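# just need the structure, nothing else, for what follows:
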Amino acid sequence: MVTDTQGGPAAPVHPWRDLLQRWSDEWLDPILHEQERREPFPAEVRAARWLGGPGAAPGELTALEERLGTALPPSYRQFLQISDGWLDTTTEIARLLPARDVGRVRDVDPELAGDWGGDRGGTDVPDEEYFVYGDEQDPCAIRTGYLSDMLKISHTPGAGDVYLLNPHVVTPAGEWEAWYLAHWLPGALRYRSFWELMNDEYRSFRGD
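Numbering: from 1, shown residues only. A predicted model of the protein is given here:
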């Protein structure tokens, strides 16, 4: 495991409810975004004004951590406590998985790691290239050797776009690196945490 020394202090409690409610309200506004979706949201979702569900029970999170053999990164665990899964984040990601369906790539989608094998990044990208985030990062500078151990936390039928959490790169606060592996990229966009990834995806959704 590599520790990203650029990480910060202990992980804060993130305002997931506020972010997800704003995301729900904007997706469900027919003037703004709902017409962009592949098909209309179910009536019960529109009535509730909420694209998620109830939060995962403590026992469900404990069961997931026991199955994985590791504690979940704080911001992702906080997300599941607010909503155990989620519908579309953007038009490219159909749903975030509930805790029961989350698993390591090698177990739930072994073809994904195989598709990105060979010489498309390996594990030998030097730290000075790898630990660059934000607009300055190179999407090609990914360590594909990490893929089989990563958590697959989203699913989009028939598409290559997926959110992944990387247990090989962990901040001092316990946050795992988050990847957005996309069909339109030569690699992945990487973030220091799931919270950072979702905030960037929200800005993308809004067109900011």
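
# give me the most central residue, the chain.
Tyr163 (3.9 Å; C-alpha atoms, centre = their mean).

# hey, what's it bridged with?
Tyr180 (DSSP bridges).

# verify the stated contact: it with His155.
No: between Tyr163 and His155 there is no contact under C-beta atoms under 8 Å: 9.4 Å. For every residue, glycine as well, the C-beta is placed using N, CA and C.

# what's the neighbour count on Val13?
Neighbour count for Val13, taken as other C-beta atoms under 10 Å: 8.

# which SS state does the most far-flung residue of the chain relative to its centre fall under?
Distance to the chain centre peaks in the chain at Ile31, reaching 27.1 Å (criterion: C-alpha atoms, centre = their mean). Counting by DSSP: H, G, I helix; E, B strand; the rest coil, the backbone at Ile31 sits in coil.

# distance check, it against Asp25.
Distance of Ile31 to Asp25, given as C-beta to C-beta, to the nearest Å: 12 Å.

# what's the answer for Arg37, then?
Remark: distance between Arg37 and Asp25 (C-beta to C-beta) = 15 Å.

# same thing with Asp161?
Note on Asp161: its distance to Asp25, by C-beta to C-beta, is 24 Å.

# repeat that for Asp115.
36 Å.

# now His155
24 Å.

# so which residues of this protein form strands?
Assigned by DSSP state E, the strands in the chain fall at 2-3, 95-96, 103-104, 151-152, 154-155, 162-170, 176-181, 188-191.

# nearest to Arg49, of those?
strand 95-96 (17.6 Å; C-beta to C-beta).

# outside of the closest one, which residues touch it?
Residues outside strand 95-96 that contact it (C-beta atoms under 8 Å, 6 or more residues apart in numbering): 85-89, 153-156, 163.

# buried members of those into PyMOL, please.
In PyMOL, this line selects whichever of the contacts of strand 95-96 come out buried by 16 or more other C-beta atoms under 10 Å:
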select buried, resi 85+86+87+88+89+153+154+155+156+163
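
# now, the contacts of strand 95-96 that are in helices?
If you go by DSSP state H, the contacts of strand 95-96 have nothing in helices.

# just the closest of the contacts of strand 95-96 to Val132, please.
Of those, the one sitting nearest to Val132 (C-beta to C-beta) turns out to be Tyr163, at 19.9 Å.

# residue contacts, the closest one?
For Tyr163, the contacting residues are 93, 96, 152-154, 178-181, 194, 197, by C-beta under 8 Å, 6+ apart.

# one step back: before we move on, what's the pLDDT of the residue farthest from the centre of the chain?
Ile31 carries a pLDDT value of 72.

# state the distance from it to Trp116.
Ile31 is 39 Å from Trp116, by C-beta to C-beta.
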